[in-house]
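[1] show me the folded form of this:
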Amino acid sequence: MATGLAALLDDIAALVKLTASSLDDVAAGVAKAGSKAIAVVVDDTAVTPQYVEGIDPKREIPIIGRIAKGSLVNKGIILVGALLLSAFAPWALTPLLMAGGSYLCFEGAHKIWGKLTGHGEAQAAVTEGGQAEDAIVKNAVRTDFILSTEIMVIALAEVTEQNIAYRAAILAVVAVLITALVYGIVACLVKIDDLGLHMASKESSATRKMGRGLVKAMPKALSAITVVGVAAMLWVGGHLLVSGSDKLGWSAPHDVVHSLSSAVPRGFLSWIVETSCSLAVGFVFGSLIVAFQAAVGRVRGGSDH
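    Have a look, this model is predicted:
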């Protein structure tokens, strides 16, 4: 009896140890995969607040909640597709990453040129009502699908050496954590000005001053997040193009970036050089796509006449 009990306890201990080791592996995979996708996360965080701009403050959190649910559904669909891709067509991962990188470069360059030329997209007026909210959520979830695809594919590229079960677990955790992070931050951002207005109505002069400070600071904070998001898109997009072209056999861009980063002391300085090169590649390539899109638009406009 004692021997049987001891054997059972040994089996339980071994199972617990194996489970703990598996959780450690998953956690390490999540950290590795999530860190590579952080640029798209920043952009996702910067983009989302515009969808609740100008609506009733009481409806901001419910709408963000609906968008977050849609984002989780997006990531679930993408997770299944990404796992099938990694299992049956792993060769397609690099071209897909490069396609996604091209999109990031285009988006980043488009925003910069729009700002420089004054032709940035104007925010559409928002009307009240259930149909208007449905339209807002649908538009936001559609944009989120593109960004979520980038997040999941970038994350998948970092854990392709893991077996299918670990990949599924890591991508599922990444999907939930990133969705919670993005929309948690967005919810806080859109309510900070409300908090500031509430504080500004208090009797305490210090509280009123702090409240007014929050209200004044929010537009600058959102602008700063947007700038960081654009830079991150160009950096990651350029990096995906450089590393992808190297894997596909064209190593010249990668060699140039590597030689430049190797010319300075290793560490932070080499990272700055490498990141700057990737950002420059992203901006140049994205600008070419913007120019091509503009040329196609002019041709189509001329043919309509």
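
[2] list the contacts of residue 241.
    When contacts are counted by CB atoms under 8 Å, 6 or more residues apart in numbering, residue 241 is found next to 98, 101-102, 105, 253, 281-282, 285. Every C-beta, even on glycine, is put in place using the N, C-alpha and C of the backbone.

[3] name the element it belongs to?
    helix 205-247 (DSSP states H and E).

[4] next one: that helix to chain centre, how far?
    Taking CA atoms, centre = their mean, to the nearest Å, one finds helix 205-247 lying 12 Å from the centre of the chain it belongs to.

[5] show me which positions of the next helix or strand after that helix end up buried.
    Read in the C-terminal direction, the helix or strand following helix 205-247 is helix 252-262, with elements assigned using DSSP H and E. Applying a neighbour-count criterion of 16 or more other CB atoms under 10 Å, one finds 253-254, 257-258, 261 buried in helix 252-262.

[6] now do stretch 181-192
    Residues of stretch 181-192 classed as buried under the neighbour-count rule (16+ other CB under 10 Å) are 182-183, 185-187, 189-190, 192.

[7] now swap in stretch 201-214 and tell me
    Within stretch 201-214, the residues that qualify as buried by neighbour count (16+ other CB under 10 Å) are 210-211, 214.

[8] ok, stretch 138-151 next?
    Burial within stretch 138-151, assessed by neighbour count using 16+ other CB under 10 Å, is assigned to 140-141, 143-151.

[9] mind checking which of those residues land in strands?
    The strands, defined by DSSP state E, take in nothing from the buried residues of stretch 138-151.

[10] those residues into a markdown table, with extra columns for pLDDT?
    A markdown table is the format used below for these (pLDDT from 0 to 100):
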| residue | pLDDT |
| --- | --- |
| 140 | 81 |
| 141 | 86 |
| 143 | 74 |
| 144 | 79 |
| 145 | 82 |
| 146 | 74 |
| 147 | 75 |
| 148 | 82 |
| 149 | 80 |
| 150 | 75 |
| 151 | 79 |
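
[11] between these, which is closest to residue 90?
    The shortest gap between residue 90 and any of those belongs to residue 149, at 17.0 Å (CB to CB).

[12] so what's the closest one up against?
    With contacts defined as CB under 8 Å, 6+ apart, residue 149 is in contact with 74, 78, 100.

[13] please pull out the lowest mean pLDDT helix or strand from the chain.
    Between all helices and strands in the chain, the lowest mean by mean pLDDT, DSSP states H and E belongs to helix 2-36, at a mean of 50.

[14] tell me the one of the buried residues of stretch 201-214 nearest residue 117?
    Minimum distance to residue 117 across the buried residues of stretch 201-214 is 32.6 Å, recorded for residue 214 (CB to CB).

[15] so that closest one sits against residue 192, correct?
    Yes. With contact defined as CB atoms under 8 Å, residue 214 and residue 192 form a contacting pair (5.8 Å).

[16] and which of the buried residues of stretch 201-214 is nearest to residue 159?
    Compare each of those with residue 159 using CB to CB and the shortest gap goes to residue 214, at 39.9 Å.

[17] how much space separates that closest one from residue 205?
    To residue 205, residue 214 is 15 Å away according to CB to CB, to the nearest Å.

[18] any weak-confidence spans in the stretch 201-305 of the chain?
    Counting by pLDDT under 70, the stretch 201-305 of the chain contains low-confidence ranges at 302-305.

[19] tell me what the strand or helix carrying residue 77 is packed against?
    If you go by DSSP H and E, residue 77 is part of helix 57-88. Contacts defined by 3 or more CB pairs under 8 Å, 6 or more residues apart in numbering; DSSP states H and E place helix 57-88 against helix 93-117, helix 130-157, helix 164-200.

[20] ok and the first one relative to helix 130-157, angle-wise?
    Relative orientation of helix 93-117 with respect to helix 130-157: 130 degrees, computed using axes from the mean of the first three to the mean of the last three CA atoms, to 10 degrees.
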